[in-house]
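# I would like to see how this sequence folds:
(chains A and B)
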Amino acid sequence: AQSVAQPEDQVNVAEGNPLTVKCTYSVSGNPYLFWYVQYPNRGLQFLLKYITGDNLVKGSYGFEAEFNKSQTSFHLKKPSALVSDSALYFCAVREGLNTDKLIFGTGTRLQVFP
Amino acid sequence: GAGVSQSPSNKVTEKGKDVELRCDPISGHTALYWYRQSLGQGLEFLIYFQGNSAPDKSGLPSDRFSAERTGGSVSTLTIQRTQQEDSAVYLCASSNPRGSHEQYFGPGTRLTVT
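Sure, this is the predicted structure:
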């Protein structure tokens, strides 16, 4: 069965430092992978996705993610964190072929300190 | 263009009452999803509609929950005989499985059962 894991409940980083939010997946076949962000009292916003092509995917707000097939990972990264990046981040994988139904991770709360 | 809209934004109801939550997906999106999120926690999948196919109801927590999608567009999530544990934010999303695949989320309905 498809699954996705976010091993960290919370990540703390100082403003200006690089950040990484981890995600690993388990799928049969080629994965479709997504990152979403949820700012306080808001709905989820799409950040980026990997479907095929380059392993390094660039998305909104300066975020990027690297698809690593051998490590079955899709970690979210940003070279220089901003306080405004503080939010809840969700990794997701498509459940199967011919569907956009997603399986979401449990979420990682990113706290960027000034 | 217009995004996913949900109404009402907030709903306070007494225990035992029925409630209806509405979702207007993005025009042309054939897939529609309902999720539940408790107090900034993870997403709980409820139900998924795709075109004219039978909906995937595997996430509905009890038979008090039901949803319909009329004319392949607007969806209504109904909770009968509400309980305090139903208090949560109910999120709706839509996607175009023949297009970009990512789900677009509405702002959610915050349901409080007193």
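# Do the one helix or strand B:L77 maps to and chain A come into contact?
Assigned by DSSP states H and E, B:L77 belongs to strand B:75-79. No - on the criterion CB under 8 Å from any CB of the partner chain, strand B:75-79 is out of touch with chain A, staying 15.0 Å away. Where C-beta positions appear, they are placed from N, C-alpha and C, glycine not excepted.
# Report the inter-axis angle for the following helix or strand past that strand versus strand B:75-79.
Sequence order places strand B:88-95 as the next helix or strand after strand B:75-79, per DSSP H and E. Angle between the axes of strand B:88-95 and strand B:75-79 is 160 degrees (criterion: axes from the mean of the first three to the mean of the last three CA atoms, to 10 degrees).
# ok, back up a step: tell me what the strand holding B:L77 is packed against?
When contacts are defined as 3 or more CB pairs under 8 Å, 6 or more residues apart in numbering or on different chains; DSSP states H and E, strand B:75-79 sits against strand B:19-24, strand B:31-37, strand B:43-50, strand B:65-69, strand B:88-95.
# and the ones you listed as a markdown table, adding mean pLDDT and distance to B:V4?
Listed next are those as a markdown table, based on pLDDT from 0 to 100; distance: least, CB to CB, whole Å:
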| stretch | mean pLDDT | distance to B:V4 |
| --- | --- | --- |
| strand B:19-24 | 97 | 7 |
| strand B:31-37 | 95 | 9 |
| strand B:43-50 | 92 | 13 |
| strand B:65-69 | 96 | 13 |
| strand B:88-95 | 95 | 6 |
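# Mean neighbour count added to those, as JSON lines?
Below are these laid out as JSON lines (neighbours: other CB atoms under 10 Å in any protein chain shown):
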{"stretch": "strand B:19-24", "mean neighbour count": "18"}
{"stretch": "strand B:31-37", "mean neighbour count": "24"}
{"stretch": "strand B:43-50", "mean neighbour count": "21"}
{"stretch": "strand B:65-69", "mean neighbour count": "17"}
{"stretch": "strand B:88-95", "mean neighbour count": "24"}
